[in-house]
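Peer 1: Just to be clear, the model below is a prediction. Sequence and coordinates:
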Amino acid sequence: MTTASPPTGPARDAPLNTVDALVQLSFLVQGILAAIGAEHDLSIIQIRLLGILRDRRPGMLELGGYLGLDKSSMTGLVGRAEKRGLVQRSPSPHDGRAVLVSLTPFGRRLTEQCGAEIGRRVTELAGSLTDTQVTQLTHLATRLVHAQSRPPALPTD
């Protein structure tokens, strides 16, 4: 199997269609996450787990919803993170059957370290853009993200 080299010259400056542009940008960001994860022996899903836990203490079901994982996958993911000392489980004060997941102090330090590195590398990725273009990209990306996180519209008569 051969892989294509990145375009050079005029082909490099030709605009991509929306799908290609967004998918290739996603690949670039995923590559950054994978590289940083590898430096810390973390998978992308573990990086996502730590990122979610930065500012919340969700239950396992809620955490599974954020990550798109079923109960058994969540149990394994959290169990492995717990063994590494990254997260801890605690009983929910509101539901005796539920378990909340939070970062340990070590997990918080690692999350902050990875977050700073992700921020630096993604900022570098956008380094060829002007301040105005970065602002536009940020607003457009925010609109796309928020549009996908809204509940589905109810049908109208």
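Peer 2: Structure received.

Peer 1: what's the closest non-adjacent residue to F106?
Peer 2: Nearest non-adjacent residue to F106, counting by CB to CB, 6 or more residues apart in numbering: G85, 5.0 Å away. (Each C-beta comes from the backbone N, C-alpha and C, glycine too.)

Peer 1: residues in contact with that neighbour?
Peer 2: When contacts are counted by CB atoms under 8 Å, 6 or more residues apart in numbering, G85 touches T104, F106, G107.

Peer 1: Just the buried subset of the residues you listed, please.
Peer 2: Buried by 16 or more other CB atoms under 10 Å: T104, G107, out of the contacts of G85.

Peer 1: Now go through the contacts of G85 and say which are in strands.
Peer 2: Among the contacts of G85, no residue falls in strands (DSSP state E).

Peer 1: so which of the contacts of G85 comes closest to V145?
Peer 2: Within the contacts of G85, proximity to V145 (CB to CB) peaks at G107, which comes in at 24.8 Å.

Peer 1: Sketch out the low-pLDDT regions of the chain for me.
Peer 2: Counting by pLDDT under 70, the ranges of the chain that qualify are 1-12, 149-157.

Peer 1: Helices of that one, start to end?
Peer 2: 10-13, 18-39, 44-53, 60-67, 71-83, 105-125, 131-148 (DSSP state H).

Peer 1: what's the most buried one of those?
Peer 2: helix 44-53 (a mean of 19; mean count of other CB atoms under 10 Å).

Peer 1: by contact count, what packs against that one?
Peer 2: Contact analysis of helix 44-53 by 3 or more CB pairs under 8 Å, 6 or more residues apart in numbering; DSSP states H and E lists helix 18-39, helix 60-67, helix 71-83, strand 99-103, helix 105-125 as its packing neighbours.

Peer 1: Check the offset of the third one from the chain's centre.
Peer 2: Here helix 71-83 is found 18 Å from its chain centre; the criterion is CA atoms, centre = their mean, to the nearest Å.

Peer 1: For that helix, name the packing helices and strands.
Peer 2: Judged by 3+ CB pairs under 8 Å, 6+ apart, helix 71-83 is in contact with helix 44-53, helix 60-67, strand 87-91.
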